[in-house]
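Participant: below are the sequence and a predicted model; questions follow.
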Amino acid sequence: MEQFLTFLYENKEMVFIIILSVFLGIEIISHVPTVLHTPLMSGANAIHGVVIIGAIIVMGSAEPSNYLALILGFLAVILGTLNVVGGFVVTDRMLEMFKKKK
């Protein structure tokens, strides 16, 4: 417990910024119109391709004997890929709604 309190005291500026960003994010998201939730979320999912790049970097720099880093990196690549593909699928389905029927 003492280590945790020391960490908080040494990094109080970062903790303050994180808490402030959480409240700011909640306030911004609560004022987004319902119609825009799907496009914003699908775009956010597509941006998560950065997770895939980070996971590949972690896996590439991990020691071959460090199975935990390799397994977590592999899971991050799989889940990040699913998130990116899901974002594009949602975007595609959303755009299909606006096409004219023949």
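Facilitator: Received the coordinates, thanks. Numbering: from 1, shown residues only.
Participant: ok, Val58 - contacts?
Facilitator: Val58 is in contact with 69, 72-73, 76, counting by CB atoms under 8 Å, 6 or more residues apart in numbering. Just so you know, the C-beta spots here come from the backbone N, C-alpha and C atoms, and that holds for glycine as well.
Participant: how many residues are close by Asn83?
Facilitator: Residues near Asn83, counting by other CB atoms under 10 Å, number 17.
Participant: what's the answer for Asn45, then?
Facilitator: Asn45 - counted by other CB under 10 Å - has 20 other residues nearby.
Participant: and what about the nearest residue to it once chain neighbours are set aside, helix, strand or coil?
Facilitator: Excluding the flanking residues, the one nearest Asn45 by CB to CB, 6 or more residues apart in numbering is Gly87, at 2.8 Å. Following DSSP: H, G, I helix; E, B strand; the rest coil, we place Gly87 in the helix state.
Participant: may I see the buried residues of the helix or strand hosting Val51?
Facilitator: For Val51, the enclosing helix or strand under DSSP states H and E is helix 49-61. Buried residues in helix 49-61, defined by neighbour count with 16 or more other CB atoms under 10 Å: 51-52, 55, 58-59.
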